[in-house]
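Participant: Pasting a predicted model and its sequence here:
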Amino acid sequence: MLGRLQVPPTAKKGEPFEIRVLVQHPMETGFRRDMNGQSIPMHIVNKLSCTYGGRKVFSAEMGTGMSANPYMSFYAVAQASGEVVVEWSDDRGDTGRVTATIQVS
Amino acid sequence: MRLAAILAAAALTGAIAQEPPRPYPSKGGIEFQSPTVRAMQVDEFANPGLLWVERGQASWNQRCVGCHGDAKQSMKGASARHPRFDPVLGRVVNLEQRIDACIVTKQKAAPLPYESEELLGLTAFVGAQSRGIPMQVSIDGPGRATYERGKALYNERQGQFNLACHHCHDSNYGRKMLHDTVSQGHPVDWPAYRLEWQTMGSLHRRLRACYFGVRAEMPPYGAPDLVALELYLGARAQGLAASVPGVRR
(Lines give C-alpha, C1' and ligand atoms only; values in the text may rest on other atoms or scores of the structure.)
Protein backbone atom coordinates (compact mmCIF):
# COMPACT_ATOMS: atom_id res chain seq x y z
CA MET A 1 0.00 0.00 0.00
CA LEU A 2 1.15 3.46 -0.86
CA GLY A 3 2.08 5.80 1.96
CA ARG A 4 4.14 8.88 2.60
CA LEU A 5 6.30 9.62 5.63
CA GLN A 6 7.99 12.89 6.45
CA VAL A 7 10.52 13.54 9.21
CA PRO A 8 13.00 16.41 9.32
CA PRO A 9 16.38 15.26 7.94
CA THR A 10 18.22 16.56 11.00
CA ALA A 11 17.33 17.35 14.61
CA LYS A 12 19.08 18.41 17.81
CA LYS A 13 19.32 15.88 20.64
CA GLY A 14 16.60 16.36 23.21
CA GLU A 15 14.35 18.38 20.94
CA PRO A 16 10.96 17.17 19.73
CA PHE A 17 10.48 16.68 15.99
CA GLU A 18 7.36 16.13 13.93
CA ILE A 19 6.54 12.87 12.18
CA ARG A 20 3.88 13.10 9.46
CA VAL A 21 2.20 10.13 7.84
CA LEU A 22 -0.20 9.94 4.89
CA VAL A 23 -1.64 6.56 3.92
CA GLN A 24 -3.54 5.90 0.72
CA HIS A 25 -6.60 3.88 1.60
CA PRO A 26 -10.33 4.06 0.72
CA MET A 27 -11.39 3.61 4.41
CA GLU A 28 -14.81 2.22 3.47
CA THR A 29 -17.10 2.36 6.47
CA GLY A 30 -19.25 -0.58 5.45
CA PHE A 31 -22.35 1.58 5.77
CA ARG A 32 -22.42 2.90 2.23
CA ARG A 33 -24.23 1.48 -0.75
CA ASP A 34 -23.21 1.60 -4.40
CA MET A 35 -25.27 2.74 -7.40
CA ASN A 36 -27.05 -0.64 -7.52
CA GLY A 37 -28.03 -0.60 -3.87
CA GLN A 38 -25.48 -3.25 -2.92
CA SER A 39 -23.71 -2.57 0.34
CA ILE A 40 -20.00 -1.81 -0.01
CA PRO A 41 -18.05 -4.04 2.40
CA MET A 42 -16.03 -2.44 5.16
CA HIS A 43 -12.39 -1.88 4.30
CA ILE A 44 -10.34 0.15 6.75
CA VAL A 45 -6.82 0.49 8.08
CA ASN A 46 -7.30 -0.46 11.71
CA LYS A 47 -3.77 -0.53 13.10
CA LEU A 48 -0.86 1.84 12.61
CA SER A 49 2.33 2.06 14.62
CA CYS A 50 5.54 3.99 14.49
CA THR A 51 8.95 3.03 15.85
CA TYR A 52 11.98 5.26 16.16
CA GLY A 53 15.31 3.58 16.68
CA GLY A 54 13.54 0.28 17.37
CA ARG A 55 11.33 1.75 20.11
CA LYS A 56 7.61 2.26 19.69
CA VAL A 57 6.76 5.95 19.89
CA PHE A 58 3.21 5.99 18.55
CA SER A 59 0.44 3.59 17.75
CA ALA A 60 -3.15 4.06 16.72
CA GLU A 61 -6.25 1.94 16.37
CA MET A 62 -8.51 3.42 13.77
CA GLY A 63 -12.20 2.88 13.18
CA THR A 64 -14.76 3.67 10.55
CA GLY A 65 -14.87 7.33 11.53
CA MET A 66 -11.54 8.07 9.86
CA SER A 67 -11.57 9.81 6.49
CA ALA A 68 -10.18 8.18 3.38
CA ASN A 69 -6.43 8.55 2.94
CA PRO A 70 -5.80 9.21 6.65
CA TYR A 71 -3.21 11.81 7.58
CA MET A 72 -1.53 11.81 10.98
CA SER A 73 1.03 13.97 12.62
CA PHE A 74 2.73 13.41 15.97
CA TYR A 75 5.97 14.21 17.79
CA ALA A 76 8.91 12.27 19.15
CA VAL A 77 11.96 13.49 21.06
CA ALA A 78 15.24 13.18 19.19
CA GLN A 79 17.62 10.82 21.02
CA ALA A 80 20.02 9.33 18.49
CA SER A 81 20.33 9.06 14.72
CA GLY A 82 18.16 6.26 13.53
CA GLU A 83 15.37 4.99 11.39
CA VAL A 84 11.73 5.97 11.77
CA VAL A 85 9.48 3.13 10.63
CA VAL A 86 5.72 3.38 10.19
CA GLU A 87 3.76 0.19 9.60
CA TRP A 88 0.04 -0.30 9.19
CA SER A 89 -2.38 -3.06 8.37
CA ASP A 90 -5.99 -3.13 7.23
CA ASP A 91 -8.84 -5.45 8.09
CA ARG A 92 -8.13 -7.61 5.04
CA GLY A 93 -4.61 -8.33 6.21
CA ASP A 94 -2.85 -6.03 3.73
CA THR A 95 0.10 -4.22 5.24
CA GLY A 96 2.17 -1.21 4.38
CA ARG A 97 5.48 0.14 5.56
CA VAL A 98 7.44 3.35 5.02
CA THR A 99 10.77 4.35 6.51
CA ALA A 100 12.86 7.47 6.86
CA THR A 101 16.12 8.27 8.60
CA ILE A 102 16.90 11.16 10.88
CA GLN A 103 20.33 12.53 11.78
CA VAL A 104 20.58 13.70 15.39
CA SER A 105 23.41 16.00 16.36
CA MET B 1 -34.52 32.65 0.46
CA ARG B 2 -30.98 33.56 -0.52
CA LEU B 3 -30.89 30.82 -3.13
CA ALA B 4 -34.11 32.19 -4.54
CA ALA B 5 -32.54 35.65 -4.72
CA ILE B 6 -29.52 34.27 -6.54
CA LEU B 7 -31.71 32.38 -8.97
CA ALA B 8 -33.83 35.46 -9.60
CA ALA B 9 -30.72 37.56 -10.17
CA ALA B 10 -29.41 34.85 -12.47
CA ALA B 11 -32.61 34.84 -14.50
CA LEU B 12 -32.51 38.63 -14.83
CA THR B 13 -28.88 38.71 -15.91
CA GLY B 14 -29.54 36.01 -18.45
CA ALA B 15 -32.43 37.94 -19.91
CA ILE B 16 -30.49 41.16 -20.36
CA ALA B 17 -27.11 40.03 -21.63
CA GLN B 18 -26.58 37.15 -24.01
CA GLU B 19 -22.91 36.87 -23.10
CA PRO B 20 -21.97 38.44 -19.77
CA PRO B 21 -18.43 39.73 -19.38
CA ARG B 22 -15.86 37.27 -18.11
CA PRO B 23 -14.95 37.55 -14.43
CA TYR B 24 -12.24 40.08 -13.77
CA PRO B 25 -9.75 39.61 -12.23
CA SER B 26 -9.59 35.87 -12.93
CA LYS B 27 -9.17 33.76 -9.84
CA GLY B 28 -8.52 30.04 -9.68
CA GLY B 29 -10.93 27.80 -7.80
CA ILE B 30 -8.64 27.57 -4.77
CA GLU B 31 -9.14 31.29 -4.06
CA PHE B 32 -12.75 30.52 -3.17
CA GLN B 33 -11.88 27.75 -0.72
CA SER B 34 -11.59 28.01 3.05
CA PRO B 35 -8.17 28.72 4.64
CA THR B 36 -7.85 25.10 5.80
CA VAL B 37 -8.44 23.70 2.31
CA ARG B 38 -5.99 26.22 0.86
CA ALA B 39 -3.39 25.22 3.45
CA MET B 40 -3.97 21.57 2.52
CA GLN B 41 -3.37 22.25 -1.16
CA VAL B 42 -0.11 24.15 -0.73
CA ASP B 43 1.25 21.66 1.82
CA GLU B 44 3.89 19.69 -0.09
CA PHE B 45 3.29 16.68 2.13
CA ALA B 46 -0.28 16.62 3.39
CA ASN B 47 -1.96 17.29 0.02
CA PRO B 48 -3.58 13.88 -0.54
CA GLY B 49 -3.40 14.35 -4.31
CA LEU B 50 0.34 13.82 -4.08
CA LEU B 51 -0.36 10.13 -3.43
CA TRP B 52 -1.74 9.96 -6.96
CA VAL B 53 1.20 11.93 -8.30
CA GLU B 54 3.50 9.32 -6.77
CA ARG B 55 1.45 6.52 -8.26
CA GLY B 56 1.54 8.30 -11.60
CA GLN B 57 5.29 8.59 -11.42
CA ALA B 58 5.53 4.81 -10.95
CA SER B 59 3.31 4.31 -14.04
CA TRP B 60 5.38 6.83 -15.95
CA ASN B 61 8.58 4.93 -15.14
CA GLN B 62 6.92 1.76 -16.35
CA ARG B 63 5.14 2.93 -19.48
CA CYS B 64 6.30 6.33 -20.68
CA VAL B 65 9.91 6.96 -19.72
CA GLY B 66 11.28 4.98 -22.70
CA CYS B 67 10.03 7.53 -25.26
CA HIS B 68 9.41 10.67 -23.25
CA GLY B 69 12.37 10.55 -20.87
CA ASP B 70 12.43 12.86 -17.89
CA ALA B 71 8.92 14.23 -17.40
CA LYS B 72 10.32 17.39 -15.79
CA GLN B 73 11.53 18.48 -19.23
CA SER B 74 9.34 16.61 -21.70
CA MET B 75 5.99 17.26 -19.96
CA LYS B 76 6.65 20.78 -18.77
CA GLY B 77 3.64 22.88 -19.70
CA ALA B 78 1.87 19.96 -21.38
CA SER B 79 -1.28 20.14 -19.29
CA ALA B 80 -1.46 23.95 -19.70
CA ARG B 81 -1.76 23.42 -23.48
CA HIS B 82 -4.59 20.87 -23.26
CA PRO B 83 -7.23 20.32 -24.54
CA ARG B 84 -5.71 20.72 -28.01
CA PHE B 85 -6.34 19.57 -31.55
CA ASP B 86 -4.69 16.26 -32.34
CA PRO B 87 -3.90 16.02 -36.08
CA VAL B 88 -3.67 12.21 -36.00
CA LEU B 89 -7.02 11.68 -34.29
CA GLY B 90 -8.53 14.63 -36.14
CA ARG B 91 -10.30 16.05 -33.10
CA VAL B 92 -9.70 18.02 -29.94
CA VAL B 93 -8.51 15.83 -27.06
CA ASN B 94 -7.91 16.53 -23.41
CA LEU B 95 -4.96 15.28 -21.39
CA GLU B 96 -6.64 12.02 -20.36
CA GLN B 97 -7.52 11.19 -23.96
CA ARG B 98 -4.06 12.19 -25.14
CA ILE B 99 -2.49 9.77 -22.65
CA ASP B 100 -4.91 7.02 -23.66
CA ALA B 101 -4.28 7.66 -27.38
CA CYS B 102 -0.55 7.26 -26.75
CA ILE B 103 -1.14 4.01 -24.87
CA VAL B 104 -3.37 2.60 -27.62
CA THR B 105 -1.46 3.67 -30.74
CA LYS B 106 2.15 3.56 -29.54
CA GLN B 107 2.12 0.87 -26.88
CA LYS B 108 -0.65 -1.25 -28.47
CA ALA B 109 -2.09 -1.69 -25.01
CA ALA B 110 -5.62 -1.43 -23.69
CA PRO B 111 -6.70 2.15 -22.93
CA LEU B 112 -6.98 3.12 -19.29
CA PRO B 113 -10.62 3.74 -18.37
CA TYR B 114 -11.69 7.19 -17.21
CA GLU B 115 -11.41 7.67 -13.41
CA SER B 116 -9.22 4.59 -13.05
CA GLU B 117 -6.54 5.03 -10.43
CA GLU B 118 -3.79 4.65 -13.01
CA LEU B 119 -5.16 7.26 -15.43
CA LEU B 120 -5.83 9.70 -12.58
CA GLY B 121 -2.28 9.08 -11.39
CA LEU B 122 -0.72 9.67 -14.82
CA THR B 123 -2.81 12.81 -15.42
CA ALA B 124 -1.93 14.15 -11.98
CA PHE B 125 1.75 13.37 -12.51
CA VAL B 126 1.85 15.01 -15.95
CA GLY B 127 -0.23 17.91 -14.66
CA ALA B 128 2.15 18.42 -11.76
CA GLN B 129 4.95 19.14 -14.26
CA SER B 130 3.09 22.30 -15.30
CA ARG B 131 2.89 23.86 -11.87
CA GLY B 132 2.91 27.63 -12.10
CA ILE B 133 2.72 27.64 -15.90
CA PRO B 134 -0.16 29.77 -17.19
CA MET B 135 -2.98 28.14 -19.16
CA GLN B 136 -2.27 28.56 -22.86
CA VAL B 137 -4.75 26.61 -24.96
CA SER B 138 -4.95 27.25 -28.69
CA ILE B 139 -8.39 28.08 -30.05
CA ASP B 140 -7.33 29.17 -33.51
CA GLY B 141 -7.12 26.80 -36.43
CA PRO B 142 -8.75 23.37 -36.45
CA GLY B 143 -9.86 23.54 -32.80
CA ARG B 144 -12.02 26.60 -33.41
CA ALA B 145 -15.26 24.72 -34.07
CA THR B 146 -14.89 22.78 -30.81
CA TYR B 147 -14.26 26.03 -28.99
CA GLU B 148 -17.43 27.53 -30.43
CA ARG B 149 -19.37 24.43 -29.39
CA GLY B 150 -17.99 24.75 -25.85
CA LYS B 151 -18.88 28.41 -25.74
CA ALA B 152 -22.43 27.64 -26.87
CA LEU B 153 -22.73 24.96 -24.18
CA TYR B 154 -21.44 27.34 -21.54
CA ASN B 155 -24.09 29.91 -22.40
CA GLU B 156 -26.93 27.44 -22.93
CA ARG B 157 -29.61 26.88 -20.30
CA GLN B 158 -29.72 23.26 -19.18
CA GLY B 159 -31.55 20.90 -16.89
CA GLN B 160 -34.63 21.24 -14.73
CA PHE B 161 -33.17 24.31 -13.04
CA ASN B 162 -32.83 25.88 -16.47
CA LEU B 163 -29.45 27.37 -15.64
CA ALA B 164 -26.47 28.03 -17.86
CA CYS B 165 -22.90 27.84 -16.56
CA HIS B 166 -22.55 31.62 -16.76
CA HIS B 167 -25.44 32.22 -14.38
CA CYS B 168 -23.31 30.97 -11.51
CA HIS B 169 -19.74 31.31 -12.68
CA ASP B 170 -19.83 34.68 -14.45
CA SER B 171 -22.59 36.54 -12.64
CA ASN B 172 -22.65 35.13 -9.11
CA TYR B 173 -19.17 33.90 -8.26
CA GLY B 174 -18.03 34.60 -4.71
CA ARG B 175 -21.57 34.18 -3.38
CA LYS B 176 -22.79 31.26 -1.34
CA MET B 177 -24.73 28.31 -2.64
CA LEU B 178 -25.49 25.33 -0.38
CA HIS B 179 -22.90 26.68 2.06
CA ASP B 180 -20.20 26.56 -0.58
CA THR B 181 -18.70 29.51 -2.38
CA VAL B 182 -19.41 29.67 -6.09
CA SER B 183 -16.13 29.84 -8.02
CA GLN B 184 -15.43 31.45 -11.36
CA GLY B 185 -15.39 28.00 -12.91
CA HIS B 186 -11.80 27.91 -14.07
CA PRO B 187 -10.52 24.42 -14.81
CA VAL B 188 -7.06 24.91 -13.31
CA ASP B 189 -5.71 22.51 -10.63
CA TRP B 190 -7.52 19.48 -12.06
CA PRO B 191 -7.37 16.54 -11.51
CA ALA B 192 -7.96 17.47 -7.90
CA TYR B 193 -8.61 15.74 -4.61
CA ARG B 194 -12.15 16.58 -3.62
CA LEU B 195 -12.94 16.11 0.05
CA GLU B 196 -16.58 15.38 -0.77
CA TRP B 197 -15.51 12.47 -2.96
CA GLN B 198 -12.77 11.39 -0.57
CA THR B 199 -10.66 10.69 -3.62
CA MET B 200 -9.03 12.16 -6.69
CA GLY B 201 -11.28 13.04 -9.60
CA SER B 202 -10.88 14.32 -13.14
CA LEU B 203 -12.28 17.58 -14.48
CA HIS B 204 -14.97 15.60 -16.28
CA ARG B 205 -16.16 14.18 -12.99
CA ARG B 206 -16.41 17.73 -11.67
CA LEU B 207 -18.25 18.95 -14.76
CA ARG B 208 -20.66 16.05 -14.48
CA ALA B 209 -21.28 17.06 -10.87
CA CYS B 210 -22.31 20.51 -12.17
CA TYR B 211 -24.69 18.88 -14.68
CA PHE B 212 -26.12 16.84 -11.82
CA GLY B 213 -26.44 20.00 -9.74
CA VAL B 214 -28.67 21.73 -12.29
CA ARG B 215 -30.53 18.45 -12.83
CA ALA B 216 -29.42 18.04 -16.40
CA GLU B 217 -28.54 14.80 -18.14
CA MET B 218 -24.89 14.05 -17.48
CA PRO B 219 -22.77 13.41 -20.58
CA PRO B 220 -20.60 10.29 -20.26
CA TYR B 221 -16.94 10.62 -19.33
CA GLY B 222 -14.83 11.79 -22.25
CA ALA B 223 -17.89 12.91 -24.23
CA PRO B 224 -17.17 15.40 -27.06
CA ASP B 225 -19.42 17.95 -25.33
CA LEU B 226 -17.39 17.78 -22.13
CA VAL B 227 -14.15 18.15 -24.09
CA ALA B 228 -15.60 21.15 -25.93
CA LEU B 229 -16.63 22.69 -22.63
CA GLU B 230 -13.19 21.97 -21.22
CA LEU B 231 -11.59 23.74 -24.20
CA TYR B 232 -13.80 26.79 -23.75
CA LEU B 233 -13.05 26.85 -20.01
CA GLY B 234 -9.34 26.51 -20.75
CA ALA B 235 -9.47 29.50 -23.10
CA ARG B 236 -11.51 31.39 -20.53
CA ALA B 237 -8.84 30.71 -17.89
CA GLN B 238 -6.04 31.89 -20.20
CA GLY B 239 -3.09 33.10 -18.13
CA LEU B 240 -4.14 31.48 -14.86
CA ALA B 241 -1.41 29.32 -13.39
CA ALA B 242 -2.31 25.76 -12.44
CA SER B 243 -1.16 23.92 -9.36
CA VAL B 244 -1.95 20.23 -9.86
CA PRO B 245 -2.96 18.36 -7.72
CA GLY B 246 -5.59 20.71 -6.37
CA VAL B 247 -7.68 20.20 -3.24
CA ARG B 248 -11.34 21.15 -3.21
CA ARG B 249 -14.08 20.86 -0.65
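Facilitator: Everything's here; your move.
Participant: residue ranges for the helices of chain B, please.
Facilitator: With DSSP state H, the ranges of helices along chain B come out as B:2-16, B:35-42, B:49-59, B:65-68, B:71-74, B:95-105, B:117-128, B:144-154, B:165-169, B:203-213, B:224-236.
Participant: Residue numbers of chain A in contact with chain B?
Facilitator: If contact is defined as CB under 8 Å from any CB of the partner chain, the residues of chain A in contact with chain B are A:L2, A:R4, A:Q6, A:R20, A:L22, A:Q24, A:P26, A:M27, A:S67, A:A68, A:N69, A:Y71. Heads up, the C-betas are built off the backbone N, CA and C, glycines and all.
Participant: which residues does the residue in chain A that chain B sits nearest to contact?
Facilitator: The minimum distance from chain A to chain B, using CB to the nearest CB, falls at A:A68 (3.8 Å). Contacts for A:A68 (CB atoms under 8 Å, 6 or more residues apart in numbering or on different chains) come out as A:H25, A:P26, A:M27, B:Q198, B:T199.
Participant: Turn the residues you listed into JSON lines, columns for pLDDT.
Facilitator: Rendered in JSON lines, the data for those read as follows (pLDDT from 0 to 100):
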{"residue": "A:H25", "pLDDT": "91"}
{"residue": "A:P26", "pLDDT": "89"}
{"residue": "A:M27", "pLDDT": "91"}
{"residue": "B:Q198", "pLDDT": "90"}
{"residue": "B:T199", "pLDDT": "91"}
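Participant: and those as CSV, adding distance to B:E115 and neighbour count?
Facilitator: Written out in CSV, the entries for the contacts of A:A68 read as follows (distance: CB to CB, whole Å; neighbours: other CB atoms under 10 Å in any protein chain shown):
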residue, distance to B:E115, neighbour count
A:H25, 18, 22
A:P26, 14, 14
A:M27, 18, 21
B:Q198, 14, 15
B:T199, 9, 20
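Participant: I'd like those residues as CSV, with distance to B:L231 appended.
Facilitator: Formatted as CSV, those follow (distance: CB to CB, whole Å):
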residue, distance to B:L231
A:H25, 35
A:P26, 33
A:M27, 36
B:Q198, 29
B:T199, 26
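Participant: Looking at those, spot the one nearest B:I103.
Facilitator: Comparing the contacts of A:A68 against B:I103 with CB to CB places B:T199 closest, at 22.1 Å.
Participant: which parts of chain B sit against chain A?
Facilitator: Taking CB under 8 Å from any CB, the part of chain B that reaches chain A is made up of B:F45, B:A46, B:P48, B:L50, B:L51, B:E54, B:R55, B:L195, B:Q198, B:T199.
Participant: one step back: in strands, which of the residues of chain A next to chain B fall?
Facilitator: A:R4, A:Q6, A:R20, A:L22, A:Y71 (DSSP state E).
Participant: from memory the second one sits against A:R20, does it?
Facilitator: Yes - taking contact to mean CB atoms under 8 Å, the distance of 4.3 Å between A:Q6 and A:R20 places them in contact.
Participant: Need the residues touching each of the two.
Facilitator: A shared contact of A:Q6 and A:R20, defined by CB under 8 Å, 6+ apart, is any residue touching both; here these are B:F45.
Participant: rewinding a little: would you mind telling me which of the helices of chain B is nearest A:L48?
Facilitator: helix B:49-59 (15.7 Å).
Participant: Could I get the pLDDT score of the residue lying farthest from the centre of chain A?
Facilitator: In chain A, counting by CA atoms, centre = their mean, A:N36 sits farthest out from the average C-alpha position, at 33.0 Å. The confidence metric pLDDT takes the value 92 at A:N36.
Participant: Could you report the separation of the residue nearest to A:P8 when sequence neighbours are not counted from A:Y52?
Facilitator: Nearest-residue entry for A:P8: A:F17, 5.2 Å, with adjacent residues in sequence omitted and distances by CB to CB, 6 or more residues apart in numbering or on different chains. When distances are taken as CB to CB, to the nearest Å, A:F17 and A:Y52 turn out to be 9 Å apart.
Participant: Please apply the same query to A:G82.
Facilitator: Shown here: A:G82 relative to A:Y52, a distance of 6 Å by CB to CB.
Participant: contacting residues around the single nearest residue of chain B relative to chain A?
Facilitator: Here the residue of chain B nearest chain A is B:Q198; by CB to the nearest CB that distance is 3.8 Å. Contact criterion CB under 8 Å, 6+ apart gives A:P26, A:M27, A:S67, A:A68, A:N69 as the residues in contact with B:Q198.
Participant: and what of B:Y114?
Facilitator: Residues touching B:Y114, when contacts are defined by CB under 8 Å, 6+ apart, comprise B:E96, B:S202, B:H204, B:Y221, B:G222.
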